[in-house]
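**Student:** Output the structure for:
(one chain, ligands or ions: 1)
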Amino acid sequence: MLGSGLAGLRAAEVLREKNFQGKITLVGAESHLPYNRPPLSKQFLAGEWEEDRVRLRLPAEFHSLELEFLKGLKVVGLDLQQRSVQLSQGTAIDFDGLVIATGAENRQLPALEGRPRVFTLRTLTEALALRQALSDAKSLLIVGGGFIGSEVAATAHGLGIRVCIVEPQQTLMYRGLGEEVGSAVTNLHREKGIDVRCNTEIAHVHDDGERTSIELSDGTTHTPDVILVGIGATPTTDWLSGSNVHLSNGVVCDENCRVMTADGLAVKSVVAAGDVARWFSRSQNCLVRSEHWTNAQDQAVNAAHTLLLDLNGEGGNALPYDPVPYMWSDQFGKKIQAIGFGDPTDEVHIVKGALSDGKFLAIMERENRFVGAIGVAMVPLVMQARILLTEGASLDVAREKLAS
Ligand SMILES: Cc1cc2nc3c(=O)[nH]c(=O)nc-3n(C[C@H](O)[C@H](O)[C@H](O)COP(=O)(O)OP(=O)(O)OC[C@H]3O[C@@H](n4cnc5c(N)ncnc54)[C@H](O)[C@@H]3O)c2cc1C
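**Tutor:** Next up is the predicted model:
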């Protein structure tokens, strides 16, 4: 197992649940026991939860898996011919089967990198540092209004901090929610008092060694107590360069989560899962990748099954991984949920509630098909929409059932 996040842990658990008796080595660049990232921008950042509550498993549960856990170590290379991985401290591990679950890492903004009071958020260590910085801050500027930036804005607002978000797109969370729903979320933030500056970019940055000042394209200059850069993530694949693994916005996999080589061959007993994996979706007839919790968990299950079948010479029985994607976000006490392969260009129909109330269910139409749904404070209906989407319901059926 490479990567001790949710996907790596879950794959190891499935192997044990399926009675895999062999040795399992879990290599993790971080030195913590596997933990959950979603609370890092919510309860943990707010100071409501401590480290023990963000653990994915109790220590006793984790140790019962009988893994060799190489924590604080990085894998730096993969030799597919020799079936071995190289570790940062110079040793190598041979394997019969391999799960690649190295996740994603934050995109950096060179203009802000290394400047005073500038933070990013992905790991527990980063969350601790940001939480500490916010503890005596009065103002926070967030660069990037994606879903992490928007969540941190809501959490920091709850701590009594003045928040400004700078977002180059026309709305917050535009890439995931599209213009109409993104505007509703933007309004929700503005109503709460967040200073949201859309269609705005960073024009100039300077610091005096203690504080960083940012001049924006709208002509204003901000010198906040804390700056968070939240401009998305990229799959962690640098360590695979030169390995002959097909890399293209992630580790390219077949429909069973088997890793593909650059020559287009699926490698037996070598699978990938979670944020790092870009797999072939049968229903979409293309490669897809997801940076969300539910996918990391579900894909790890499928990848571990494929791995076990390959090891037993039964790889032909592997099942395709083709879920209806699901993500959630918590902001200002409201749950925002999205299902399906929505796209900002899809047509949006509000079937329940109203955008202006900040409580609604929207369904997405593309070429007269029902392709996704987004709900704000509509949990049961989103779950119903998820079932309908899984069943392949038509647009009319979805509209009728969800609106009733
Ligand atoms: C702050 C935050 C909040 C989130 N909130 C939500 C939410 O509300 N809803 C939602 O659906 N999703 C959310 N997500 C996304 C979700 O947490 C991720 O999709 C999920 O954690 C992915 O799991 P993973 O195991 O694929 O990757 P990761 O959790 O990133 O784990 C990968 C692990 O591999 C390690 N690694 C990387 N390179 C190497 C290497 N070379 N050698 C060894 N180890 C390596 C990394 O250090 C890391 O520990 C959030 C993410 C963040 C960061």
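**Student:** Can you name the residues of the stretch 201-350 of the chain sitting close to the ligand?
**Tutor:** T236, W239, G274, D275, E291, H292, W293, T294, A296, M327, W328, S329 (C-beta under 6 Å from any ligand atom). The C-beta positions use only the backbone N, C-alpha and C, and glycine is treated the same way.
**Student:** the helices in the protein, which residues?
**Tutor:** Ranges of helices in the chain, per DSSP state H, are 6-17, 51-54, 59-63, 124-134, 147-158, 174-192, 293-311, 379-390, 395-403.
**Student:** now those helices in a markdown table, with mean pLDDT and mean neighbour count?
**Tutor:** Shown next, in a markdown table, are the helices of the chain (pLDDT from 0 to 100; neighbours: other C-beta atoms under 10 Å):
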| stretch | mean pLDDT | mean neighbour count |
| --- | --- | --- |
| helix 6-17 | 98 | 24 |
| helix 51-54 | 96 | 14 |
| helix 59-63 | 97 | 12 |
| helix 124-134 | 98 | 17 |
| helix 147-158 | 98 | 24 |
| helix 174-192 | 95 | 20 |
| helix 293-311 | 98 | 23 |
| helix 379-390 | 96 | 18 |
| helix 395-403 | 95 | 16 |
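**Student:** What parts of the stretch 1-150 of the chain come near the ligand?
**Tutor:** 2-8, 27-30, 37-38, 40-41, 74-75, 101-104, 121-122, 148.
**Student:** Just want the residue of the stretch 251-400 of the chain that's nearest the ligand.
**Tutor:** G274 (2.1 Å; C-beta to the nearest ligand atom).
**Student:** OK, contacts around that residue?
**Tutor:** G274 sits next to G3, G5, L6, A7, G8, A101, G103, N295, A296, Q299, A300 when contact means C-beta atoms under 8 Å, 6 or more residues apart in numbering.
**Student:** repeat for K18
**Tutor:** Contacts of K18 (C-beta under 8 Å, 6+ apart): A304, H305, L308.
**Student:** And for A12?
**Tutor:** A12 is in contact with M1, I24, L26, L65, L67, V99, A304, counting by C-beta under 8 Å, 6+ apart.
**Student:** among these, who's most crowded?
**Tutor:** Most neighbours among the contacts of A12, by other C-beta atoms under 10 Å: V99, with 32 neighbours.
**Student:** Can you report how many residues neighbour the one residue in the stretch 51-200 of the chain that gets nearest to the ligand?
**Tutor:** Nearest residue of the stretch 51-200 of the chain to the ligand (C-beta to the nearest ligand atom) works out as G103 at 2.3 Å. The tally of other residues near G103 (other C-beta under 10 Å) stands at 25.
**Student:** Test my guess that it contacts T236.
**Tutor:** Yes. Between G103 and T236 a contact is recorded at 5.6 Å, counting by C-beta atoms under 8 Å.
**Student:** Need the overlap of contacts for those two.
**Tutor:** By C-beta under 8 Å, 6+ apart, G103 and T236 have these common neighbours: G3, D275, V276.
**Student:** With pLDDT, neighbour count and distance to L265 added, can I get those in JSON lines?
**Tutor:** As requested, those are exported to JSON lines (pLDDT from 0 to 100; neighbours: other C-beta atoms under 10 Å; distance: C-beta to C-beta, whole Å):
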{"residue": "G3", "pLDDT": "97", "neighbour count": "28", "distance to L265": "23"}
{"residue": "D275", "pLDDT": "98", "neighbour count": "28", "distance to L265": "24"}
{"residue": "V276", "pLDDT": "98", "neighbour count": "28", "distance to L265": "19"}
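**Student:** sorry, back to before: for the helices of the chain, which one sits closest to L216?
**Tutor:** Smallest distance to L216 across these (C-beta to C-beta): 15.1 Å, for helix 147-158.
**Student:** Could I get the helices of the chain in CSV, plus columns for distance to D343?
**Tutor:** Listed next are those as CSV, based on distance: least, C-beta to C-beta, whole Å:
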stretch, distance to D343
helix 6-17, 25
helix 51-54, 32
helix 59-63, 39
helix 124-134, 30
helix 147-158, 16
helix 174-192, 7
helix 293-311, 17
helix 379-390, 14
helix 395-403, 15
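**Student:** quick one, which of these is nearest to S213?
**Tutor:** Short answer: helix 124-134, nearest of the helices of the chain by C-beta to C-beta, at 16.7 Å.
**Student:** Tell me how far the closest residue to R10 other than its chain neighbours lies from S64.
**Tutor:** Of all residues not flanking R10 in the chain, A300 sits nearest, at 3.7 Å (C-beta to C-beta, 6 or more residues apart in numbering). As judged by C-beta to C-beta, to the nearest Å, A300 and S64 stand 18 Å apart.
**Student:** Then R131?
**Tutor:** From R131 to S64 the distance is 31 Å (C-beta to C-beta).
**Student:** same thing with S404?
**Tutor:** Counting by C-beta to C-beta, the gap from S404 to S64 is 47 Å.
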